[in-house]
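Visitor: this one's structure only:
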């Protein structure tokens with residue numbers, strides 16, 4: 001409807017409202033800030049003009065009160081100059097994905113005054129040395145995924161050669177590294193499931209409250225195959241590549257493959273013994289060797305070399321009786337029975353090998369008190385305590401894979417203390433309280449698994465002035481005599497692992513058809529995985545991506561300034577825009593996470609607060625205080641929240657706004673009906689008003 005002409009009073013009112021809103025918009029410490037393009041006229045004049053003069057005055061009064069109230073509400077602390085922080089970020093050179101993530105993270109941290117120096121290491125051993133010695137502020141890491149999370153990963157926090165050992169060493173009382181280690185040790189011997197859940201909740205809540213890492217993304221594992229192959233089934237672990245499930249649709253049954261190793265691009269398979277670690281890769285050990293049991297979907301423990309088992313109490317611990325599979329032979333023709341199982345256990349749990357520097361990074365080596373053979377196909381294991389993860393830890397790829405008796409130095413009569421299967425490079429193991437163990441290595445690669453190692457092609461190359469052995473190809477053959485061998489005529493018979501210099505080379509080989517498949521994280525750039533998923537290539541390639549199975553994290557060193565300050569660690573957590581980085585650098589294959597462990601890990605489906613999410617205002621609040629010497633709040637307080645008084649004022653403003661809206665519509669309704677709430681101060685006789693109007697018209 002046509003509105004009355006604006007009077008001088010109206011202009012003054014609008015000017016006053018504009019001034020009030022301008023104060024709100026420009027207040028540095030205002031809790032509520034309207035967009036700078038917003039004008040008070042555009043917000044208020046349509047409403048004011050709809051009112052009669054008396055109602056307008058009431059609306060103006062309420063609006064002014066609200067505007068003044070907004071100006072009066074400060075934040076708990078205004079933003080000022082940021083604390084200039086210098087941090088070291090350590091990484092492995094050559095991992096293009098992590099380096100791309102690091103670039104974006106560094107840019108985000110710069111927004112809150114943090115300068116990052118990146119130190120690149122040319123191999124994982126040097127990187128691990130820097131990480132475990134505590135020579136860092138930030139370092140990429142990952143939880144271990146199934147079947148290790150959370151119990152074995154948590155147990156490793158007490159092991160000096162694991163990343164978290166150094167990272168947690170600076171935690172203050174009462175939640176020190178030692179206190180958390182005691183909590184973990186206690187939960188591992190808790191038999192009641194409900195009590196165990198409560199204990200894990202306490203552990204994870206305590207660690208979360210200390211802000212020891214930046215949870216970044218849930219990591220999925222991709223696999224890309226040309227469509228001449230089909231039937232691939234995703235593995236349940238990071239390096240579990242189920243090539244036994246592949247079927248050949250067309251062409252040769254000999255396939256070429258690039259698998260991801262622990263350093264990304266394939267660069268060899270290591271020693272391939274089942275009782276040690278780097279440079280051994282997980283996947284060839286899984287292909288060649290088997291344990292007593294294996295890890296199944298949803299954490300189920302499935303039969304492998306043992307067909308069944310019984311568990312019963314035995315003193316303070318438990319007795320596990322394994323009924324072994326009969327008719328199994330090793331790749332070298334040796335027979336499998338209980339004596340071979342006991343020989344293996346005697347070797348990998350001998351003397352100081354159970355100490356934290358070797359196999360003691362997880363709990364089982366310290367729990368096995370004795371083993372025996374009740375018969376040729378019945379193996380018995382005793383534990384010292386009621387250790388609940390025993391069966392799950394027997395599914396681990398290493399060090400409990402069963403090696404042929406012919407592969408031990410000394411054969412079936414090998415001495416575990418003078419001829420141990422541990423790598424020769426480990427020398428003699430000397431540990432307090434244990435007999436010495438001399439490492440002799442193994443004589444051949446022979447297990448009972450679905451794939452047999454055949455050969456590898458290597459050459460000597462010079463890298464940075466040093467001669468190194470470079471593996472170019474490795475050949476495996478299907479074990480047709482495996483106890484679970486497929487009878488399908490389209491199975492793959494031979495697999496050749498091929499080395500490429502770069503991710504781009506792998507992509508081009510797939511596109512050209514000279515390579516059949518690439519499996520694992522770090523073989524292809526994320527955008528290339530997305531390319532093979534696109535409509536352009538979906539007719540030529542099959543792409544498989546697991547659900548997120550482990551979390552990428554950025555460990556923060558609590559024992560080295562400035563990340564020894566919990567407010568600094570909290571600021572770093574809130575400064576990283578994880579979702580944007582994942583979309584930009586990981587082609588959306590990962591998902592942002594806000595906790596250390598995946599939600600689907602046992603006992604980890606918890607709602608942990610405060611959330612480790614992206615919140616630039618919180619990050620600025622924590623690292624950019626009003627004055628450099630502001631007294632810090634107690635570490636346990638959420639000092640990045642608005643004060644209680646501020647919250648109260650906001651609530652009052654909300655109530656006032658609701659009253660204003662209600663009064664406005666009520667007054668408008670009364671005016672339309674001709675019964676305004678506020679009557680004019682002077683009443684005019686209708687006849688007198690008509691005479692005045694007639695005189696005005698004649699004039």
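Guide: Cool, got the structure. Just so we're clear, the structure is a prediction, and the values are computed from it rather than from any experiment. Numbering: from 1, shown residues only.
Visitor: and residue 349, how many residues sit next to it?
Guide: Residue 349 has 21 neighbours, counted by other C-beta atoms under 10 Å. Using the backbone N, CA and C atoms, a C-beta is placed for each residue, glycine as well.
Visitor: dump the residue contacts of it.
Guide: If you count contacts by C-beta atoms under 8 Å, 6 or more residues apart in numbering, residue 349 has them with 359, 365, 368.
Visitor: neighbour-wise, which one of those residues leads?
Guide: Each of the contacts of residue 349 was scored by neighbours using other C-beta under 10 Å; the highest score is residue 359's, at 23 neighbours.
Visitor: would you mind measuring from that residue to residue 117?
Guide: Distance check for residue 359 against residue 117: by C-beta to C-beta, to the nearest Å, it reads 36 Å.
Visitor: can you pull out the strands in the stretch 151-300 of the chain?
Guide: In order along the chain, the stretch 151-300 of the chain carries the following strands (DSSP state E, counting those that start in this stretch): 213-219, 222-226, 229-230, 247-248, 254-259, 293-295.
Visitor: repeat that for the stretch 301-450 of the chain.
Guide: Counting by DSSP E, counting those that start in this stretch, one finds strands in the stretch 301-450 of the chain at the ranges 301-303, 306-314, 317-324, 368-375, 378-383, 428-429, 437-438.
Visitor: between the ones you listed, which one is closest to residue 579.
Guide: With respect to residue 579, and counting by C-beta to C-beta, the nearest of those is strand 301-303 at 36.4 Å.
Visitor: tell me which strands that closest one pairs with, and in which orientation.
Guide: Applying DSSP bridges to the sheet, strand 301-303 is found paired with strand 293-295 (antiparallel).
Visitor: pLDDT of the host helix or strand of residue 508, averaged?
Guide: Applying DSSP states H and E as the criterion places residue 508 in helix 503-512. In this model, helix 503-512 carries a mean pLDDT of 97.
Visitor: give the buried residues for that helix.
Guide: For helix 503-512, the neighbour count (16 or more other C-beta atoms under 10 Å) marks 503, 506, 507, 509, 510, 511 as buried.
Visitor: which residue is nearest the middle of this protein?
Guide: The residue at the geometric middle of the chain, judged as the C-alpha nearest the mean C-alpha position with C-alpha atoms, centre = their mean, is residue 551 (1.9 Å).
Visitor: quick one: secondary structure of that one?
Guide: Each residue gets one of three states, and residue 551 gets strand by DSSP: H, G, I helix; E, B strand; the rest coil.
Visitor: which residues of this structure score low on pLDDT?
Guide: Scanning the chain for pLDDT under 70 picks out 1-80, 626-671, 673-699.
Visitor: pull the distance from stretch 258-267 to the chain's centre.
Guide: When C-alpha coordinates are averaged (C-alpha atoms, centre = their mean, to the nearest Å), stretch 258-267 and its chain have centres 20 Å apart.
Visitor: meant to ask about stretch 283-303, not that
Guide: The gap between where stretch 283-303 is centred and where its chain is centred comes out at 24 Å by C-alpha atoms, centre = their mean.
Visitor: where exactly do the helices run in the stretch 151-300 of the chain?
Guide: 151-155, 163-168, 177-187, 193-209, 282-288 (DSSP state H, counting those that start in this stretch).
Visitor: residue 340: which of these is closest?
Guide: Of all the helices of the stretch 151-300 of the chain, helix 282-288 sits nearest to residue 340, with 15.3 Å by C-beta to C-beta.
Visitor: show residues contacting the closest one.
Guide: Helix 282-288 is contacted from outside by 237-241, 243, 259, 261-262, 269-270, 272, 274, 331, 397-398, 401, 445-447, 449-453, 474, 476, 520, using C-beta under 8 Å, 6+ apart.
Visitor: recalculate using a threshold of 7 Å.
Guide: Defining contact as C-beta atoms under 7 Å, 6 or more residues apart in numbering, one finds that helix 282-288 is touched by 239-241, 259, 269, 272, 274, 397-398, 401, 445, 447, 449-451, 453, 476.
Visitor: same deal with stretch 315-324?
Guide: Defining contact as C-beta under 7 Å, 6+ apart, one finds that stretch 315-324 is touched by 292, 305-312, 337-338, 341, 369, 377-386, 390.
Visitor: so how far is it off the chain centroid?
Guide: Distance, stretch centre to chain centre, for stretch 315-324: 35 Å (C-alpha atoms, centre = their mean).
Visitor: buried sites along that stretch?
Guide: Buried residues in stretch 315-324, counted by 16+ other C-beta under 10 Å: 317, 318, 320, 322, 323, 324.
Visitor: possible to save these as JSON lines with distance to residue 106?
Guide: What follows is these, written out as JSON lines (distance: C-beta to C-beta, whole Å):
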{"residue": "317", "distance to residue 106": "50"}
{"residue": "318", "distance to residue 106": "50"}
{"residue": "320", "distance to residue 106": "50"}
{"residue": "322", "distance to residue 106": "51"}
{"residue": "323", "distance to residue 106": "56"}
{"residue": "324", "distance to residue 106": "54"}
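Visitor: and the two most separated of these?
Guide: Among the buried residues of stretch 315-324, the pair separated by the greatest distance (C-beta to C-beta) is 317 and 324, which sit 21.6 Å apart.
Visitor: out of the strands of the stretch 151-300 of the chain, which gets nearest to residue 611?
Guide: Taking C-beta to C-beta, strand 213-219 is the member of the strands of the stretch 151-300 of the chain nearest to residue 611, at 9.7 Å.
Visitor: adjacent strands (with direction) for the closest one?
Guide: Each strand that strand 213-219 pairs with, and the sense of that pairing, follows from DSSP bridges: strand 550-556 (antiparallel), strand 591-592 (antiparallel).
Visitor: for residue 493, find the nearest of those strands.
Guide: Using C-beta to C-beta as the measure, strand 550-556 is the one of those that comes nearest residue 493, at 32.3 Å.
Visitor: okay, the angle between the next helix or strand after that closest one and helix 193-209?
Guide: Scanning the chain past strand 550-556 towards its C-terminal end, the next helix or strand to appear is helix 566-575 (assignment: DSSP H and E). Between the axes of helix 566-575 and helix 193-209, defined by axes from the mean of the first three to the mean of the last three C-alpha atoms, to 10 degrees, the angle is 100 degrees.
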